[in-house]
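A.B. asks: return a 3D structure for these sequence lines:
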Amino acid sequence: MESAGYIIVCNNNIIQGVAPSVEEAWSNVVRDAGPWVGLGGEERHPDDIFASGMYKVYPCTQGLMDFVADRGGDIWWDVESGVACTADEQEEFNATH
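C.D. replies: Numbers count the residues shown, from 1 in each chain. Here you go, the predicted model:
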């Protein structure tokens, strides 16, 4: 499985950001998220939220990046050989390995 970029997922496994670099993917999350507030309603800096462990970063295939661009981040995905991929990519990988 070959990595072409990165996904950033929230603790609900929905892909929140995708891009060729981690920095760009996180920038997409921040841009699309709106105001960042803590449980007590206090304003929080997005980098503090990222550092809290609420988000995870995975390398991903180009196929997954394209799939997210077409359908959004609330999709089925999995990690195969350390790289996040689509169901079809995982099936194809498993059939040949």
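
A.B. asks: quick one: the strands in this protein, in order.
C.D. replies: Assigned by DSSP state E, the strands in the chain fall at 5-10, 15-19, 55-60, 78-80, 83-85.

A.B. asks: so what's the closest residue to Ile8 other than its chain neighbours up against?
C.D. replies: Nearest residue to Ile8 in three dimensions, chain neighbours excluded: Gly17, at 4.0 Å (C-beta to C-beta, 6 or more residues apart in numbering). Backbone N, C-alpha and C define where each C-beta goes, glycine included. When contacts are counted by C-beta atoms under 8 Å, 6 or more residues apart in numbering, Gly17 touches 7-8, 25-29, 32.

A.B. asks: of the residues you listed, keep whichever come out buried.
C.D. replies: Applying 16 or more other C-beta atoms under 10 Å to these, the neighbour count classes 7-8, 25-26, 29 as buried.

A.B. asks: just the closest of those to Thr61, please.
C.D. replies: Nearest to Thr61 out of those is Ile7 (C-beta to C-beta; 9.7 Å).
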